[in-house]
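**Q** structure, please.
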Amino acid sequence: MSYVLRAEGVVRSFGRNEVLKSASLWAEPGKIVTLMGRNGSGKTTLLRITAGWLRADYGVVHFNGIVTQRPRLARLAEAGLFYIPQDQLLSPSFTVRQHIEAVSARFGADHVQAAIEETNIEEILDQTVWELSGGERMRASLALGIARRPLCLLIDEPLVRASPRDQETLATALRSLAEEGVAIVTSGHDARPLLALSDEIIWSTAGTTHHIGSPAQALRHNQFVREYLGPGYADLREDLASS
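**A** Below is the predicted model:
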């Protein structure tokens, strides 16, 4: 199997709190892999370590031929990784247009118009980031990623605090990016939209990760359903079957 990105055996503690005991994730070209788990299960920590934003105590990251125990965000970004944290990508005092112009100045403008259209940000281009809602902020952040056209996109909790309309726009844009061959890793805990969006599910729980498989396989995974999804999973299966 051809992975663009793999993080393996990741361990991270904060003082005496062992957040990650042995966690892994991966990204494949053209697929959306989602880290799913409760708040506090280590999803964001694992993404930050994989992106080189945070250092692991132990573990190895492979990215596009680079193998390192201490990945750095700047080096991975140069190699084609784009990381969108939940809150910290955009500068509050700058407009969305200024962010887009900065990306196009560095990487070219070939994909800028598509980025604007796919994330539906035309109407907010001249607003400063601090004026935006959470969903608008995430749409603007994703537009930067689309304009960059990375090999791999890591996007932390893209659907959190987004309206249903924003969630639909974000999901459609992510699917379109995957269809163009970009490897995407997302995270979150809202089962319904994430299962509909994803190709593969990794369950983050108790400091470890478990590969659950496709959304359909996730809905047949007894432990995942019992301990995470809960009793309302049956209609999710019907939703996926009809989508």
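
**Q** which stretches in this structure count as helices?
**A** Counting by DSSP state H, the chain has helices at residues 43-50, 73-78, 96-107, 112-119, 134-148, 164-179, 191-197, 215-218, 222-224, 233-242.

**Q** now the longest one: buried residues?
**A** Residues 166-167, 169-171, 173-174, 177-178 are the ones in helix 164-179 that count as buried (16 or more other CB atoms under 10 Å). For the C-beta atoms, the positions are set from N, CA and C on the backbone; glycine is no exception.

**Q** for residue 128, what are its contacts?
**A** Residues in contact with residue 128, defined by CB atoms under 8 Å, 6 or more residues apart in numbering, are 92-95.

**Q** I'd like to know how many residues surround the nearest residue to residue 37 once chain neighbours are set aside.
**A** Leaving aside its chain neighbours, residue 37 sits nearest to residue 204 (3.3 Å; criterion: CB to CB, 6 or more residues apart in numbering). Close neighbours of residue 204, defined as other CB atoms under 10 Å, add up to 27.

**Q** and if you look at residue 181?
**A** 12.

**Q** do residue 65 as well
**A** Neighbour count of residue 65, defined by other CB under 10 Å: 7.

**Q** what of residue 17?
**A** Neighbours around residue 17, by other CB under 10 Å: 8.

**Q** returning to what we had before: quick one: which of the buried residues of helix 164-179 is nearest residue 149?
**A** Using CB to CB, residue 177 comes nearest to residue 149 of those, at 8.4 Å.

**Q** the nearest residue to the closest one once chain neighbours are set aside and residue 81, how far apart?
**A** Nearest in space to residue 177, with sequence neighbours left out and distances taken as CB to CB, 6+ apart, is residue 146 at 6.1 Å. Plainly put, residue 146 is 15 Å away from residue 81 if you go by CB to CB, to the nearest Å.

**Q** what's the answer for residue 13, then?
**A** Distance from residue 13 to residue 81, by CB to CB: 25 Å.

**Q** who's more crowded, the two?
**A** Applying other CB under 10 Å to residue 13 and residue 81 shows that residue 81 carries more neighbours, namely 27 against 14.

**Q** so who does that one touch?
**A** Residues near residue 81 by CB under 8 Å, 6+ apart: 5, 51, 63-64, 73, 150-154.

**Q** who's it bridged to?
**A** Beta bridges link residue 81 to residue 152, judged by DSSP bridges.

**Q** re earlier: pipe the contacts of residue 81 into CSV and attach pLDDT and neighbour count per row.
**A** Below are those laid out as CSV (pLDDT from 0 to 100; neighbours: other CB atoms under 10 Å):
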residue, pLDDT, neighbour count
5, 97, 25
51, 96, 26
63, 95, 24
64, 91, 14
73, 93, 14
150, 95, 21
151, 96, 18
152, 97, 24
153, 98, 27
154, 98, 27
